[in-house]
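Visitor: My questions concern the predicted model and sequence given below.
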Number of protein chains: 2
Amino acid sequence: MKRFGYLITFLSAFALIFSASQATAAPKMTEKEMKEGAKIYFEECAGCHGVLRKGATGPALEPKKTLEMGTDVLAVFIQSGTAGGMVPFGDLGILNEQQINLMARYIQQEPTAPPEISLADMKATWKVTVPVDKRPTKPAHNKNWQNFFGVVLRDAGQVAIFDGDTKEKLATLNTGFAVHILRVSASGRYLYSIGRDGKATMMDMWMKTPALVAEIKTCSEARSIDTSKYKGFEDKYAVVGCYWPPHLAILDGATLEPLKVVSTRSYTFDTNEYHPEPRVAAIVSSHYSPEWVINVKEAGYIWLVDYSDLANLNVKMIEAERFLHDGGWDATHRYFMSAANARDTMVVIDTKTRTKVAKFKTGAKPHPGRGANWTDPKYGPVTGTVHIGEAVMTVWGSDPAKHKDNAWKVLYKVDFEKAAGVEGGGQLFLKTHPKSKNVWVDFPLNTGEDTRVSLGVMDINDIQKVEMIKLADRGRVVHMEYNKDGDELWVSVWDQKGEIVILDDKTRKVKKRITDLRTPTGKFNIYNTMHDIY
Amino acid sequence: MKRFGYLITFLSAFALIFSASQATAAPKMTEKEMKEGAKIYFEECAGCHGVLRKGATGPALEPKKTLEMGTDVLAVFIQSGTAGGMVPFGDLGILNEQQINLMARYIQQEPTAPPEISLADMKATWKVTVPVDKRPTKPAHNKNWQNFFGVVLRDAGQVAIFDGDTKEKLATLNTGFAVHILRVSASGRYLYSIGRDGKATMMDMWMKTPALVAEIKTCSEARSIDTSKYKGFEDKYAVVGCYWPPHLAILDGATLEPLKVVSTRSYTFDTNEYHPEPRVAAIVSSHYSPEWVINVKEAGYIWLVDYSDLANLNVKMIEAERFLHDGGWDATHRYFMSAANARDTMVVIDTKTRTKVAKFKTGAKPHPGRGANWTDPKYGPVTGTVHIGEAVMTVWGSDPAKHKDNAWKVLYKVDFEKAAGVEGGGQLFLKTHPKSKNVWVDFPLNTGEDTRVSLGVMDINDIQKVEMIKLADRGRVVHMEYNKDGDELWVSVWDQKGEIVILDDKTRKVKKRITDLRTPTGKFNIYNTMHDIY
């Protein structure tokens, strides 16, 4: 490249002469550095800041701002994080000093849009590894398959299937990279995964050994997948929610054949400005109509997408709040409660009336996952969320039928600093089960070395009393899931030599450890996922 | 600019070295030429080829294709047009030789997207010139206002209001540039215009002298506007359909205050490829529900947009055909029939069942305007279209209730070459009225000097017999409209010194000429537009 040196000098001068609006030029980067920057940005940054760096859970990182801050200041943020929830990539050892410097320079460059992906592009990646007529019509084994668990092995790009009764590993199946979630078809036989790289796979729990039966890459970045669960449409469709391109890909539920693509590029609900990248965050499948409930994140709309007639697709676009992320059902499965985490807000949709019924403030950056529902001795049915931005659990009423005065109001908070000495935030999930008296919370992104390998647990009848249980001496303890009977809690130790820790829910004691797993994160029990039990 | 000459040489070399995919460099253009090219492209080319030059009524004009064709070949097309409907810009004297050469080079450059326009941008252009409380609550004059005509004075950026009874010009009101259509509110008192430059205006027919009461610029390019006509929503909303940005702007019907913007950027209905510019073509206001029927042109979808609840906007996206353009109602106002002109196809939507009911081929590039409905002595109720691509009228059955076998089938054509010696196409409109026995057609883009200043007219009881009536010796005779009683036909002579020619419908003789009008084009009778009579 040396012989182009003088050309680059000329080009820089040229740029300076003509770009009056841009006072500072972006720091130089080699082609190799740009490539590495793009890879790290995709894996670690894009989730919160957006592919086009227009901001979401994290702030916008466009050159007009980053150039003013400069390499040194940006490097400090990347090293040490912020109280608002920015991950301390240096302090946690995720990025080294050279990588931090590189990323500080990378985010001063102009962002470029990745390529579009059409139905034909998707089709070219589509593989049916076990055709429908080669699959069994009833379970080909006598195992208690509704108590199987799919466990994400994040960095391995795999999902392991465990028998929840015997704790035996039945299969390790290749999926996309860093699978974000698993979902289950209405019948429960199919388990669907979506990788952060946009690769969707489906696995059949009825085969003699659970196996991959189809796969497709529907986008270059994705976070969500769900299935058609309404009567008459069981196991018929799957839908992938993409981050880039910002679209929905509707797939055949039995083969993952791509059927239809729907763009989510749209205007923000409040200021009505065009947004080039309104990403699809959480999707749930309505129990009241043949519809998917879809968070169109940056635009701040919740879409109800009717899958009963794809050629005449009906979409109801409900004004909600910006930066919608995760969420789940109340105990009756009528109300979808979603976090707009960068706005510290929960939005509630009634899927029976198909309208928004409430919007209320929580703590800093709520992150409920699918949330947790229990019956409070004083307030009746409630739902809670934890927060990325502070170590607090916020709890609100979620039973407008019988506890109208409490519904969609924050009833109380549990402050983990006061109750258990936890400093900072970094929480991701909370979990309970209809048969349990415990509410469990994790702290995987917390900076406290002991905290991030511990779970907090509360009795629903004495909710302000928090017991901290240390489960590992390395990695991060993250994501809880119950077994079918609701008497065991499965937890991950997210580490290159990771584990699943199985606790007895009643005694809160470790029952078993499954070791030698590469970066286990999310775990999904077939029965609980199939029936939206959380 | 001379001192940058060496730099430009270096840059060109640089581009050649690095752009392996692009064999030929675009011909050089000065900044001044680029500006002129952009202006001419917007005014003359963008309508058919799209702002981003991805094609619609005309083919795509992207550099990968135009660079291969080169300046000389492209210049020939611009000079002489094509049989398929490309306007012979040189032959018609619209562009001179220097401009043709400039445009041939311009379309070899990379297209650039014009700026986005947000609700705040719109609001900054919004003016209420007569507040609602300063307007009369009933007509402030004794004129027969339902027989007023709004007449577009295209190049003047004005609309003239004529009293259809007295033929007196009541007002000349400033509007956007090259107003494309006028529409009327449910009550009939408000006349709305939309300029090709995206400027919408509203005029009040009840004021002592019809006057402009509000204006707003909702986009940089637009073609359509309509109003909320369903019971309970009379005069409540207006909606502008934009070409760029490709969006809908929903406005308050009394003030034009912008309320909501809805993007139409989406995937094509057939191949499911992302299209950055699916423009909004024709809009009609449903008589069966509080919905607008909206042609999303390049994507090939007809959207039903429910205006009864803007915060929970329901959009039904009906797969139709690509390059939807113009269209209108059948005689019962239940079926919307739309031309997909680059696909030589008509699509029929049932607004009662809210689904597509038919799709059939016509001739080359159908252009019905709003179409024309009459009762054929043999076939019953029929509808027709003329064509840009050939001098033919296509007629199909449009009464599925009582003439089911004929419905949505082409029953016959009238060939104007055979019947009247017309060569080539270039037709834009046809017109009749429930009280008339005549069907009138124009030929404004035809290359025949006599043809383009003549109307063709047929008796519905002897449809294959065409009388050609020459109405001018210069300009182009275009667009017909009836008066309220259906016994007079108003026609424009589109010329810098233009006219409106008023014909007695029965005798087919000229009754009156209104002269000294700058480029009159579309004319809209209040009563007929209010009640969708055509």
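Guide: It's in. Numbers count the residues shown, from 1 in each chain, chains lettered A, B, ... in the order given.
Visitor: can you pull the pLDDT of whichever residue of the stretch 201-350 of chain A sits closest to chain B?
Guide: Chain B sits closest to A:Asn272 of the stretch 201-350 of chain A, with a gap of 3.4 Å, by Cβ to the nearest Cβ. For the C-beta atoms, the positions are set from N, CA and C on the backbone; glycine is no exception. Per-residue pLDDT puts A:Asn272 at 98.
Visitor: Quick check: it touching B:Asp121?
Guide: No. Taking contacts as Cβ atoms under 8 Å, A:Asn272 lies outside contact range of B:Asp121: 9.7 Å.
Visitor: of those two, who's got more company?
Guide: A:Asn272 (25 against 18; other Cβ atoms under 10 Å in any protein chain shown).
Visitor: what helix or strand is the more buried one on?
Guide: Per DSSP states H and E, A:Asn272 falls between elements, in no helix or strand.
Visitor: Could you pull up the residues touching the nearest residue to it once chain neighbours are set aside?
Guide: Sequence neighbours aside, B:Leu119 is the residue nearest to A:Asn272 in space, at 3.4 Å (criterion: Cβ to Cβ, 6 or more residues apart in numbering or on different chains). For B:Leu119, the contacting residues are A:267, A:271-273, B:258, B:260-261, by Cβ atoms under 8 Å, 6 or more residues apart in numbering or on different chains.
Visitor: Of the residues you listed, grab the buried ones for ChimeraX.
Guide: Buried subset of the contacts of B:Leu119, written as a ChimeraX selection, criterion 16 or more other Cβ atoms under 10 Å in any protein chain shown:
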select /A:267,272 /B:258,260,261
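Visitor: Which member of the contacts of B:Leu119 is positioned nearest B:Lys509?
Guide: Set against B:Lys509, the nearest of the contacts of B:Leu119 by Cβ to Cβ is B:Pro258 (47.1 Å).
Visitor: Let me see the ranges of the helices in chain A.
Guide: Per DSSP state H, chain A carries helices over the ranges A:5-18, A:31-40, A:46-49, A:63-80, A:97-106, A:119-125, A:416-420, A:526-530.
Visitor: could you dump those to CSV with distance to B:Pro368?
Guide: Formatted as CSV, the entries for these read as follows, by distance: least, Cβ to Cβ, whole Å:
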stretch, distance to B:Pro368
helix A:5-18, 48
helix A:31-40, 50
helix A:46-49, 47
helix A:63-80, 48
helix A:97-106, 54
helix A:119-125, 31
helix A:416-420, 68
helix A:526-530, 52
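Visitor: would you turn those into TSV with distance to B:Thr209 and mean pLDDT?
Guide: What follows is the helices of chain A, written out as TSV (distance: least, Cβ to Cβ, whole Å; pLDDT from 0 to 100):
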stretch	distance to B:Thr209	mean pLDDT
helix A:5-18	52	39
helix A:31-40	63	93
helix A:46-49	57	89
helix A:63-80	50	93
helix A:97-106	63	95
helix A:119-125	56	98
helix A:416-420	72	97
helix A:526-530	69	98
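Visitor: Ok, which of these comes nearest A:Gly300?
Guide: Once those are compared by Cβ to Cβ, helix A:46-49 is nearest, at 16.5 Å.
Visitor: gap between the closest one and the chain center?
Guide: Centroid displacement of helix A:46-49 relative to its chain, using Cα atoms, centre = their mean, to the nearest Å, is 12 Å.
Visitor: Quick one: residues in contact with that helix.
Guide: A:55-61, A:86, A:196, A:221, A:223, A:243-244.
Visitor: buried stuff in the longest strand seen in chain A?
Guide: When chain A is scanned for its longest strand (criterion: DSSP state E), the result is strand A:366-376. Neighbour counts over strand A:366-376 (16+ other Cβ under 10 Å) mark A:366-374, A:376 as buried.
Visitor: Widest-spaced pair of those?
Guide: So, the buried residues of strand A:366-376 by Cβ to Cβ: farthest apart are A:His367 and A:Asp376, at 21.1 Å.
Visitor: near chain B, which residues of the stretch 51-200 of chain A?
Guide: For the stretch 51-200 of chain A, the contact set with chain B under Cβ under 8 Å from any Cβ of the partner chain comprises A:116-120.
Visitor: Would you format those residues as CSV with distance to A:Val382 included?
Guide: Listed next are those as CSV, based on distance: Cβ to Cβ, whole Å:
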residue, distance to A:Val382
A:Glu116, 44
A:Ile117, 41
A:Ser118, 45
A:Leu119, 43
A:Ala120, 48
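Visitor: Of those, which count as buried by neighbour count?
Guide: For these, buried by 16+ other Cβ under 10 Å: A:116-119.
Visitor: The residue of the stretch 351-500 of chain A found nearest chain B - nearest residue in space that isn't next to it in sequence?
Guide: Residue of the stretch 351-500 of chain A nearest chain B, by Cβ to the nearest Cβ: A:Thr355 (5.6 Å). Excluding the flanking residues, the one nearest A:Thr355 by Cβ to Cβ, 6+ apart is B:Asn312, at 5.6 Å.
Visitor: And A:Glu168, by the same measure?
Guide: Using Cβ to Cβ, 6+ apart, the nearest residue to A:Glu168 is A:Phe162, at 6.8 Å.
Visitor: circling back: for B:Phe177, state which of the contacts of helix A:46-49 is nearest.
Guide: For those, the nearest to B:Phe177 is A:Ala60 (35.9 Å; Cβ to Cβ).
Visitor: got the contact list for the nearest residue to A:Val414 once chain neighbours are set aside?
Guide: Closest residue to A:Val414 apart from its sequence neighbours, by Cβ to Cβ, 6+ apart: A:Met393 at 4.3 Å. Counting by Cβ under 8 Å, 6+ apart, A:Met393 touches A:384-387, A:413-414, A:416, A:430, A:439, A:441.
Visitor: cool, and A:Gly300?
Guide: Neighbouring residues of A:Gly300 by Cβ under 8 Å, 6+ apart: A:268-270, A:319-324, A:340.
Visitor: switch to 6 Å and redo it
Guide: A:268-269, A:320-322 (Cβ atoms under 6 Å, 6 or more residues apart in numbering or on different chains).
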